[in-house]
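> starting from these lines, generate the structure:
(one chain, ligands or ions: 2)
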Amino acid sequence: MAILWNPLIILFIVLVSLFLIRVLLFKTGLIYVTNKWWRRFEDYFHVYQFFKVPEFSDGMQHNQLYRKVSIYLNSLTSIEDSDFTNLFTGKKSNEIVLGLDPNQVIEDDFLGAKVSWINERKSCNTFVLKVRKADKRRILRPYLQHIHTVSDELEQIRKNLRLHINVKDDDDDGCDVDNLEKSGNGLWRSVPFTHPSTFDTIAMETDLKNRVKSDLESFLKAKQYYHRLGRVWKRSFLLYGPSGTGKSSFVAAMANFLCYDVYDVDLSRVSSDSDLKMLLLQTTSKSVIVIEDLDRFLTGKSTALSLSGVLNFMDGILNSCCFEERVMVFTMNSKDHVDPAILRPGRIDVHIFFPLCDFSAFKTLANSCLGLKDHKLFPQVEEIFQNGASLSPAEISELMISNRNSPSRALKTVITALQTDGDGRGSAANIGRRLGDGGSRKSIDESSETSGMFSRDNTVKEFRKLYGLLRLKSHRKSPSSDSASEQKDKSQPFDLASGQRDD
Ligand SMILES: Nc1ncnc2c1ncn2[C@@H]1O[C@H](COP(=O)(O)OP(=O)(O)OP(=O)(O)O)[C@@H](O)[C@H]1O
Ligand SMILES: [Mg+2]
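Residues are numbered from 1 along each chain as shown. Ligands and ions are numbered 1, 2, ... in the order given. Next comes the predicted model:
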C-alpha cells in the first residue's frame, strides 16, 4: 500500500489524468461547453453596456454605420467558430462567403478587450454591441474607428470596377447603348470593367514600373498633403509611344491597381466644350479618366471642341470644384505635332514613354506568353536586338501567342520577324501582312519616327533619356542646382517627363 504514496507514482497518476482530461475536452468538444460556462460565470462579475446600431435612422435614412458593421462582422474569422452561420455563394462562381444569421452572437477582440455583437432582427434590423463597462472608455472610439477603416478597405477590395463610356443621345454608329447601364445622369453608360491587365503582365523596365506603382501608392495616401499645398487631389499621366507598346493595357493596369472605375472619354462623341464639362462633372471620385489618342484628335479636323475646351478639361477651374481623388490619363502615339500648350510643364504631372520592344521586354513576354525563362535561342534574339531591330510588344506577343504550342517555333518566328524588320522598321506593310488585320502598327510615319529614336548608335542613351532617368540621376547628384522648375518638380514624387524639357 505504501508504494502508492511514492511521489513519483503520484506525479505519474496526475500527469496521466491531466492527459486524459485534455483528450476528453478536445476530442469530444467538451472544451467548447467548458468555455461557454466559464464565460457565463465571468459575466456575473462584469457590468456591460449595450450600443445599438439600427439599419435606419428615425427619418428612415439608411444608417451607413450599419452597413459598415455588417461588412466588418461578416469578415471576422470568429464567424467561422460560431455555433452556426449562413453560407452564400460569392461573386465568383467558386467562392463561398459566410453571413450572420438573425440573432446570431459573434465575438471579437480589440486591444485586449472582449466585445460581442448580436445581429438582432426585429421590426428594425439592428446590431447590438456589448462592451464591458470597464473597457468602454478605453476602446469604444478606437474600436468604431477600426470598424470604419477595415470596412472601407474591404469595400475597396471587393468593389466591382466599372468602365464608363460617354454616349450621345443620337448615337447611330451601331453601338447598342441601351443595353448598357446608365450612370451619371445619362451622359455615361457603364459595363463591368474586367480587363485582366496588371502591372505584372506589362513588359516594361522594372525600375520605371516600380516608380509608377509607388507614385500611385503615395498619391492614394496624399489627400492631406495635396490640400496643405493648396492643390487638388488628382494626378495626371501622359502615356506616349508607338502603337502596340502597351499604353491602353497600362491604363487598365493602373485602374486595377488603384481599384478605380474607368471613365473612357471618346472626344469624337462630345459635341461642345460645355458637353465636355458636363461629362467631367458627372464622373465620380476614385476614378481613372482616360482620353485615348489625344494627338490624333487634336490634329484631326473636329470643330466641335476647341483647344481651350480640352485644356480646361485637363486642369481648368472645374477640376478644382469636383475633381478630388481622380487620376487622369492621356495617351498619344507621338508628342511631335501636339500643341505645346498641352505639353507645357505642370499641365500633365507625369510623362511616360512606351518604347518598342527591347531584349528585356522580350524576355518578360517570353516568360508570360510561353513560360520561358531561358532558351538556347535567347542569345541570338539578344544579338538581333543589339543590332537595333525592334517590333512592338504587341507584335511580338501576338507571334508568341499564335505559336504557343511550340516555344522553339515561336522564338524562330519572332527571330524571322525581327530580321525581316531589320533595323529600319520600315516594312509596316509586311508586319501588317504577317499579323493579319490585327497588326498593330498604324502608319509608316510612326515606324520611321521610332527607328530614329532607336538608331543603333545611341539606343541606350536615347532610351534612358526618354524615360527621364538621366534627369532623375542629375537631380540626385546635384541637389544644389535648383532652378525654379526643378523646385516645382520636387513637390511631385517623381516626374518621368522626357523629350525637349530634359535636353
Ligand atoms: N509592354 C507590353 N507588355 C505586355 N503586353 C503588351 C505590351 N504592349 C502591348 N502588349 C499587348 O499588345 C496588345 C496591344 O497593346 P495596347 O493596346 O495596350 O497598345 P497601345 O500602346 O495602347 O496601342 P495603340 O497606340 O495602338 O492604342 C495588348 O494585347 C497587350 O497585351
Ligand atoms: Mg491604345
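> residue 71 and ligand 1: what is the separation?
34 Å (CB to the nearest ligand atom, to the nearest Å). Any C-beta I mention is one placed from the backbone N, CA and C, and that applies to glycine too.
> which residue packs closest to that residue, ignoring adjacent ones?
Leaving out its chain neighbours, the residue that sits closest to residue 71 by CB to CB, 6 or more residues apart in numbering is residue 151, at 4.2 Å.
> how close does that neighbour get to residue 73?
Residue 151 is 9 Å from residue 73, where distance means CB to CB, to the nearest Å.
> again, but for residue 192
Distance, residue 192 to residue 73, by CB to CB: 27 Å.
> with residue 365 instead?
45 Å.
> so residue 329 makes contact with residue 293?
No: applying CB atoms under 8 Å, one finds residue 329 not in contact with residue 293, separated by 11.9 Å.
> who has more neighbours, the two?
residue 329 (26 against 19; other CB atoms under 10 Å).
> that one should be in a strand, yeah?
Yes: under DSSP: H, G, I helix; E, B strand; the rest coil, residue 329 sits within a strand.
> dig out what it forms beta bridges with.
residue 237, residue 290 (DSSP bridges).
> distance of it relative to residue 210?
With CB to CB as the criterion, residue 329 and residue 210 are 18 Å apart.
> check residue 56 too.
Counting by CB to CB, the gap from residue 56 to residue 210 is 47 Å.
> again with residue 52
48 Å.
> for residue 272, which non-adjacent residue is spatially closest?
Per CB to CB, 6+ apart, closest to residue 272 is residue 304, 6.1 Å.
> residue ranges for the helices of the stretch 101-250 of the chain, please.
133-158, 206-220, 223-228, 247-258 (DSSP state H, counting those that start in this stretch).
> possible to save the ones you listed as JSON lines with distance to residue 351 and mean neighbour count?
Below are those laid out as JSON lines (distance: least, CB to CB, whole Å; neighbours: other CB atoms under 10 Å):
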{"stretch": "helix 133-158", "distance to residue 351": "28", "mean neighbour count": "14"}
{"stretch": "helix 206-220", "distance to residue 351": "12", "mean neighbour count": "16"}
{"stretch": "helix 223-228", "distance to residue 351": "20", "mean neighbour count": "12"}
{"stretch": "helix 247-258", "distance to residue 351": "12", "mean neighbour count": "22"}
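> tell me which of those sits nearest to ligand 2.
helix 247-258 (3.2 Å; CB to the ion).
> next, see if that closest one gets close to ligand 2.
Yes: against ligand 2, helix 247-258 shows contacts by CB under 5 Å from the ion at 247-248.
> sec struct for the residue nearest to residue 272, please.
Assignment for residue 304 (three-state DSSP): coil.
> how about the residues of the stretch 151-300 of the chain by ligand 1?
202-204, 243-249 (CB under 6 Å from any ligand atom).
> repeat that with 5 Å
202-203, 243-249 (CB under 5 Å from any ligand atom).
> tell me who's in contact with residue 294.
Contacts for residue 294 were tallied using CB atoms under 8 Å, 6 or more residues apart in numbering; they are 267, 310, 330-332, 338, 342.
> among the residues you listed, which are in helices?
Members of the contacts of residue 294 lying in helices (criterion: DSSP state H): 310, 342.
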